[in-house]
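Student: Return atomic coordinates for the entry below.
(chains A and B)
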Amino acid sequence: MKRKKIILYVVLSLLLVLAAAAIYIYIEYNRTHEDTARLKADYSLAATDLIKEFETNEQASNKKYWDKVIRVEGTVKEVAKDDKGFYSLALGDTSSLSAVRCSIDSVHSNEAAAVKKGNFIAIKGICSGFNADEMLGSDVILVRSMVDTKK
Amino acid sequence: MKNLFVTTFAVFAAMTCLGQKFYTKNAQINFDATSSSSPERIEAINRTATCVVDTKNGNIQFAVLMKGFAFERALMEEHFNENYMESDKFPKAEFKGEIKDNDDINYSKDGIYPVKVKGKLTMHGESDDVDAEAKIIILNGKISAAADFTVKLSDYKISIPGLVADKISKTARITVTCSLEPLKN
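Tutor: Numbering: from 1, shown residues only, chains lettered A, B, ... in the order given. Have a look, this model is predicted:
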């Protein structure tokens, strides 16, 4: 009798562990990206300063900023909307070709639609690196970005 | 007299147009490595690729940051960056090549021109030759381009672990679309 009880407990706890593992795998597998609006910025700085930092030392900046949440402030140089309705905003100094290019997360398209060239705004996004180009100007790229209206 | 002026102007406009470079910083690159036996789609899109086309000699260049490829599932994107592409070590992919039949394209005349693009693709720290079927589309004087090709992942030393080998295809299909703006110097 006692033995049977022990076996029962063992089987039951094993099943529980299995179920927990299955639930974990299911949730992890279906996990979507966290909304950038809810992420806390690791770094907050002026768009022009971020560009300058990448221009002076690309490698060190990549190490520092890559995959980090960054909040940049600057003047809007360009508002681009592609044929599928995705927005991309470029912040930076209008006298230079370089910019911080932010591709806007589609859930935040509405806020981006209100932005005009010349506005001074803040954008929060995830840094995907630096695209250096002498002819076209160098860009720091932020993905899954959103216009940050909070001070 | 007025006619002469208009023609001269048109000729000049066409001339400056011909020897120009065109570019975009919002080219779209689609990456699809779904294997035929897989029930789920393994694909990502990057909307922040840079592209430059020189209409004079047909030179074409792309640059794209790996981390900018967006997958629907966060886990898939993490695996793409961490295990397969090692994006922290190799953050960028580049393509340098030329439009083979560039002379057949009349950039000042509307139309769809099917062309072949040949060049070198560098990703994951490896370079390999790529041949792509592409289309140059001229509509109302605006140039856009679309291309489609497949790459063998093993050519770029990207290895797929046995556990997921039935889900991830050994070749990836890359689709590129972009509309280009004239580069003002």
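Student: The helix or strand hosting A:C102 and chain B in contact?
Tutor: Assigned by DSSP states H and E, A:C102 belongs to strand A:99-104. Yes. Counting by Cβ under 8 Å from any Cβ of the partner chain, chain B is contacted by strand A:99-104 at A:R101, A:S103. No exception for glycine: its C-beta is placed from N, CA and C like everyone else's.
Student: try stretch A:126-138
Tutor: Yes. Applying Cβ under 8 Å from any Cβ, one finds stretch A:126-138 in contact with chain B at A:I126, A:C127, A:S128, A:G129, A:F130, A:N131, A:D133, A:M135, A:L136.
Student: which of those residues tops the neighbour count?
Tutor: A:S128 (29 neighbours; other Cβ atoms under 10 Å in any protein chain shown).
Student: What residues of stretch B:56-74 count as buried?
Tutor: For stretch B:56-74, burial by neighbour count (16 or more other Cβ atoms under 10 Å in any protein chain shown) applies to B:58-71, B:73-74.
Student: just checking, which of the residues of stretch A:126-138 next to chain B belong to strands?
Tutor: Under the assignment DSSP state E, the residues of stretch A:126-138 next to chain B contribute A:I126, A:C127, A:S128, A:G129, A:F130, A:N131 to strands.
Student: circling back: any idea which of the residues of stretch A:126-138 next to chain B is closest to A:Y43?
Tutor: A:C127 (8.5 Å; Cβ to Cβ).
Student: Dihedrals phi and psi, the residue nearest to that closest one when sequence neighbours are not counted?
Tutor: Nearest residue to A:C127, sequence neighbours excluded (Cβ to Cβ, 6 or more residues apart in numbering or on different chains): A:Y65, at 4.4 Å. Backbone torsions of A:Y65, given as degrees, to the nearest 10, read phi -100, psi -20.
Student: Make sure A:Y65 is actually in contact with A:I126.
Tutor: No. Using Cβ atoms under 8 Å, A:Y65 is not in contact with A:I126; the gap is 9.6 Å.
Student: ok, back up a step: which of the buried residues of stretch B:56-74 fall in helices?
Tutor: B:A74 (DSSP state H).
Student: Is stretch B:23-33 in proximity to chain A?
Tutor: Yes. Judged by Cβ under 8 Å from any Cβ, stretch B:23-33 and chain A are in contact via B:Y23, B:K25, B:N26, B:Q28.
Student: So which of those residues is surrounded by the most neighbours?
Tutor: In those, the most neighbours by other Cβ under 10 Å go to B:K25, 25 neighbours.
Student: ok so, going back, wait, which of the ones in strands among the residues of stretch A:126-138 next to chain B is closest to chain B?
Tutor: Here the nearest of those to chain B, counting by Cβ to the nearest Cβ, is A:S128; it sits at 3.5 Å.
Student: after the helix or strand containing A:I121, next one along is what?
Tutor: According to DSSP H and E, A:I121 maps onto strand A:120-131. Counting by DSSP H and E, the next helix or strand C-terminal to strand A:120-131 is strand A:139-147.
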